[in-house]
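# sequence unknown, structure follows:
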Ligand code: TYD
Ligand code: MG
């Protein structure tokens, strides 16, 4: 095939360069220039303008009420946590991107999904540019699912993969990973910005035209976003992140974008020697390792998407050797920890000066809402005074700079989950009086009340 001409366009200002340059000649931005094929995008030239007086084809606008209601078809994968996170099942003709650090389990999860869908009678192609079919076979042998009937292909040329998917009538195409495949008409190397973007666009078109569901693995950069240009996340219908502490056996799957469902839903898996297995009751698992009677521990209920999840916050305050004391936060924003320490000191009179402070959240969960403030404060004070928090107590509330404790939302669901797991008391703002049977509300107006309650 004759090589198509390429241009190198700046992603910031759109300026075209005849060859690759490290810095855009027009806007001066570094590393923003990426290759793209000229022929593939004839409609690109915005400058060309619209030919006047021409009928632009039959795209007639019509009232929304006249648009047929389409019923979204979904295929269940048979892995309930996976279905839940993606909004109820795989949508044919959609493209999902799954990101995560190397070794976190992306390939395993997708091979398990492929095997389940194959067992349900769907045609599936698992294409890998990372592993040979022999390596995939080795992995498959360990899984509980029978991945035997899944079609596999070791290939890095995207066109060859799409041809194979078409001739196999694949209803699901798994591509592992976007950084290893390439289009022959582009000169740049696999994994470069231009290749990744064009490959993603080609895959998306393929999904829409053929109705194939496409799952694409993407590696994440140091910054934590899926490598390559942000446009990759803009193109995909669904963006999933698979994360977890590599030392722990839990893996958390979360959708950060979903055109067919809600985002931020959390799916929890455990890693076993037979692959990933879904955790039906995350709260119970997260709290299982809690050692009651130890100081520096407090439990809170987070809303992860629409589901409440109970997690333990652990804190340790220890005399600092010398110099500036350390503040180490794992699973929460270090700045939030600094704010809470300052509030406890100024408003509650609890001093952490000369103490190293370490705070972490169990199972690799992140505290992303201020409603967990009260639990962090309780864990800190408990460690400071060497006095455990009551084992049946739940802490829910945001702490303001004045030391006041504020009510939080989603209360009924959080409390119901706590009640189910045997919690008897919930500490929080007087304005969030709870209505859950068996759970007594203990009102706290201000952090100084918490300081007194947890005093040595
Ligand atoms: P892998 O799926 O290859 O991760 P990724 O594709 O994200 O890089 O998994 C990494 C390794 O962990 C691999 O050697 C298999 C192993 N593993 C298990 O033993 N059990 C599991 O449940 C998972 C997910 C992985
Ligand atoms: Mg992999």
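Done, it's in. These numbers were taken from a predicted model, which means no experiment stands behind them. Numbers count the residues shown, from 1 in each chain. Ligands and ions are numbered 1, 2, ... in the order given.
# Residue 153 is in what secondary structure piece?
strand 151-154 (DSSP states H and E).
# any low-confidence regions in the stretch 201-350 of the chain?
Applying pLDDT under 70 to the stretch 201-350 of the chain flags residues 221-231.
# need the helices for it, in chain order.
Assigned by DSSP state H, counting those that start in this stretch, the helices in the stretch 201-350 of the chain fall at 231-235, 282-288, 334-348.
# which one of those lies closest to ligand 1?
Nearest to ligand 1, of all those, is helix 282-288, at 15.2 Å by CB to the nearest ligand atom. For the C-beta atoms, the positions are set from N, CA and C on the backbone; glycine is no exception.
# Counting neighbours, show which residues of that closest one come out buried.
For helix 282-288, a neighbour-count test (16 or more other CB atoms under 10 Å) marks 282, 283, 285, 286, 287 as buried.
# can you list contacts of that helix?
250, 266, 268, 270, 279, 299, 301, 308-312, 362-363, 365, 417, 421 (CB atoms under 8 Å, 6 or more residues apart in numbering).
# what do you get if the cut-off is 7 Å, keeping everything else the same?
268, 279, 299, 309, 310, 311, 312, 362, 363, 417, 421 (CB atoms under 7 Å, 6 or more residues apart in numbering).
# and what of stretch 405-415?
Contacts of stretch 405-415 (CB under 7 Å, 6+ apart): 301, 303, 308, 371, 374, 396-400, 426, 428-429, 431-432, 434-436, 439, 444-447.
# thinking again about what came up before, for the strand holding residue 153, buried residues please.
For strand 151-154, by 16+ other CB under 10 Å, it's 151, 152, 153.
# just those now: which is nearest residue 349?
Using CB to CB, residue 152 is the member of the buried residues of strand 151-154 that lies nearest residue 349, at 64.3 Å.
# for whichever residue of the chain sits closest to ligand 1, what are its contacts?
Relative to ligand 1, the nearest point of the chain is residue 105 (2.8 Å; CB to the nearest ligand atom). Each residue near residue 105 by CB under 7 Å, 6+ apart is listed here: 242, 251, 271, 276.
# Identify the farthest-apart pair in the residues you listed.
Based on CB to CB, the longest span within these runs between 242 and 271 and measures 11.2 Å.
# More neighbours: those two, which one.
Ranked by neighbour count (other CB atoms under 10 Å), residue 242 and residue 271 place residue 242 first, with 24 against 16.
# Which residues of the stretch 151-300 of the chain lie near ligand 1?
When proximity is defined as CB under 6 Å from any ligand atom, the stretch 151-300 of the chain approaches ligand 1 at 271, 272, 273, 275, 276.
# For the second one, which non-adjacent residue is closest in space?
Spelled out, that is residue 272. residue 249 (7.9 Å; CB to CB, 6 or more residues apart in numbering).
# next one: the first one
Using CB to CB, 6+ apart and skipping residues adjacent in sequence, the residue nearest residue 271 is residue 249, 4.8 Å away.
# and residue 88, what element?
Applying DSSP H and E, one finds residue 88 in no helix or strand.
# Tell me the spacing between residue 268 and residue 34.
37 Å (CB to CB, to the nearest Å).
# And for residue 15?
Taking CB to CB, one finds residue 15 at 12 Å from residue 34.
# So if I had to pick from the two, which one is more boxed in?
residue 34 (24 against 15).
# Surely that one forms part of a strand?
Yes: under DSSP: H, G, I helix; E, B strand; the rest coil, residue 34 sits within a strand.
# and it, bridged to which residues?
Listed beta-bridge partners, residue 34: residue 9 (assigned using DSSP bridges).
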